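Trainee: Whatever this is, show me its structure:
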Amino acid sequence: MRNTTIGLAAVLALVVTLATAAAQTYPPPVGSLTVEAAPVAPDGTTDVTATVLDNDGGAVGDADVLFTIVSQPGDDAYWLNGELETTETTDETGVATAVLVAGSEPGSIIIETASGEMTSQVTVAVEGEAGAPVEVPSTGGLPTDGDDGLALWQMIALGIGGAALIAGLLTLGRRAGKV
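Mentor: The predicted model follows:
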């Protein structure tokens with residue numbers, strides 16, 4: 001009975017450890033600035049979103065983000081303020097959004113964002129004909145949340161597998177001691 005109790009305690013400790021690891025992002029997040037934008041048709045508009053996270057991976061609200069058009073295929077792309085730069089402030093989720101007005105030329109617009117000491121870039125594809133809808137590529141059903149760690153279901157499967165392994169080893173150990 002004592003061996004069963006010790007085995008169950010070990011399994012419980014393993015499950016708690018794996019559950020704690022599942023709740024944390026791996027590798028641990030550091031201060032970061034990421035930026036995303038969808039393709040756009042010539043003369044169309046698209047939202048460019050920047051996400052600001054602190055060193056613990058938490059959202060940074062009320063942070064200024066500078067959005068700059070670094071290069072473009074023509075000379076008529078701009079932000080809604082009519083300029084090549086605009087500053088937007090992050091919301092409570094750490095997201096700042098700027099609206100880009102694509103120029104008339106197809107090609108790539110390179111956007112740089114800066115917040116504090118952090119910078120990031122994104123390329124916006126300007127494709128198709130003016131006024132035509134642009135097809136946004138599918139991710140194929142893969143997660144797009146940027147999580148570099150294991151999914152929760154994978155952690156649970158590892159926990160069950162680890163528990164089965166420990167139970168098997170305990171059973172073998174008990175039988176080896178009785179032979």
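Trainee: C-alpha from now on. contacts and neighbour counts both.
Mentor: Will do.
Trainee: List the buried residues in the host helix or strand of Leu169.
Mentor: Using DSSP states H and E, Leu169 sits within helix 152-178. Within helix 152-178, the residues scored as buried using 16 or more other CA atoms under 10 Å are 155, 159-160, 162-163, 166-167, 170.
Trainee: ok, those residues vs Leu100, which is closest?
Mentor: Proximity of the buried residues of helix 152-178 to Leu100 (CA to CA) peaks at Met155, which lies at 40.2 Å.
Trainee: closest to Val70 among the buried residues of helix 152-178?
Mentor: Nearest member of those to Val70, counting by CA to CA, is Met155, at 41.9 Å.
Trainee: Check what pLDDT the closest one gets.
Mentor: With respect to pLDDT, Met155 scores 64.
Trainee: just Arg2 next, same as before
Mentor: 59.
Trainee: where does this protein dip in pLDDT?
Mentor: 1-30, 130-155, 157, 178-179 (pLDDT under 70).
Trainee: Swap in 90 and give it another go.
Mentor: Of all residues in the chain, those with pLDDT under 90 make up the ranges 1-33, 54-58, 60-62, 116-118, 128-179.
Trainee: show me where it has helices.
Mentor: Shown for the chain, the helices assigned by DSSP state H span residues 2-23, 152-178.
Trainee: returning to that earlier point: columns distance to Gly58 on top of the buried residues of helix 152-178, output as CSV?
Mentor: Converted to CSV, those look like this (distance: CA to CA, whole Å):
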residue, distance to Gly58
Met155, 22
Gly159, 27
Ile160, 30
Gly162, 31
Ala163, 32
Ile166, 36
Ala167, 38
Leu170, 41
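Trainee: so which of the residues you listed comes closest to Thr49?
Mentor: Taking the buried residues of helix 152-178 together and measuring to Thr49 by CA to CA, the closest member is Met155, at 30.7 Å.
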